[in-house]
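Provided below are the primary sequence and the corresponding predicted coordinates.
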Amino acid sequence: MLIVFEGIDGSGKDTQIRMLLSFFRQHNVACRLHKYPTEKAKEAFAHLSGKKTVPAEKLAEIFAGDILAEKARMEKEMGSGFVVVCDRYLHSTLAYQGAKMGYGKLKEELEAKNAIVPEMVFILDLDPNLSAGRKSAQKKPDRFEKDARFLADVRGNYLRMAGEGFLSYKYVVADASKQPDEIFTGIITQVEPLITKKMGK
C-alpha cells in the first residue's frame, strides 16, 4: 500500500514519518520510504535555492516527472508486500505549482498521469506564520519557505484537494500545531486498521 504525507514547509512531516517508520519496524511491518524531490531534480533545487528561476509550468513537470520516474519501483515494492511511505507526492505538485499556474488546470494534467493512488494521504495542516518560525529556527529558508503569502495559498490548495478527494481514497487532515506525540496518536489510529485490513497484521 501507499501512504503519503503532505503539508507546507515546517509542518512536521519528517518527524511524523520517522515515528511511523519506527512503529512499523517495531511491529515487523516491511516498509520503504520515498522522499521527494530526489537529487535528480537538480533544476528544482536550483530554483528553491534562488540560483535560477524556473517557470511554474516547468517546475510542475520536473516535480511530477521526478515522482513518476519511480512508479515501477514503487509498484515492485508494493507487490512484494512493503508499505510504501512517501514524503511528498503529486499532491505537493498541485499544492505548490497550482498556487502559481492555476489549480484547476494543473489538477487535470496530474489526474491524466496514471499515477499510483495512495490508500491514505495525511495533510499536516499548519498556519504559515508558525511554519515560517519553525523553518527559520532550523535553517536558512528557501524561496518557498520564506514566502508566507504563497504558503497560505499552498495551504488552501491542500485543504481544497482534501475536500475534493484528489488522487486518494482517504484524506486525514491533522492539526500540525499540536505536540508531535499527540499528532502521531491520531495518525496511528488511522493507520492501524488499514494495516490490519490490507496486510493481515
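Structure received.

what about residue 96, how many neighbours?
The number of residues packed near residue 96 is 24, by other Cβ atoms under 10 Å. All C-beta atoms are positioned from the backbone trio N, CA, C, and that covers glycine.

and it, helix, strand or coil?
Here residue 96 is helix, with the state taken from DSSP: H, G, I helix; E, B strand; the rest coil.

host element of the closest residue to it other than its chain neighbours?
Once flanking residues are discounted, residue 96 sits nearest to residue 154: 5.5 Å by Cβ to Cβ, 6 or more residues apart in numbering. Using DSSP states H and E, residue 154 falls within helix 148-164.

pull the residues that contact that helix.
6-9, 91, 94-96, 98-99, 103, 107, 121, 123, 125-129, 131-132, 144-145, 167, 171, 173 (Cβ atoms under 8 Å, 6 or more residues apart in numbering).

what mean pLDDT does that helix get?
Here helix 148-164 scores 95 as its mean pLDDT.

hang on, the earlier thing: ok, now how distant is the residue nearest to residue 96 from residue 7?
The gap separating residue 154 from residue 7 is 9 Å, by Cβ to Cβ, to the nearest Å.

what do you get for residue 192?
The separation that residue 192 has from residue 7, given Cβ to Cβ, amounts to 21 Å.

can you pull the pLDDT of the spatially closest residue to residue 169 that is not a sequence neighbour?
The shortest distance from residue 169 to any residue other than its chain neighbours is 6.2 Å, reached at residue 119 (Cβ to Cβ, 6+ apart). Residue 119 carries a pLDDT value of 96.
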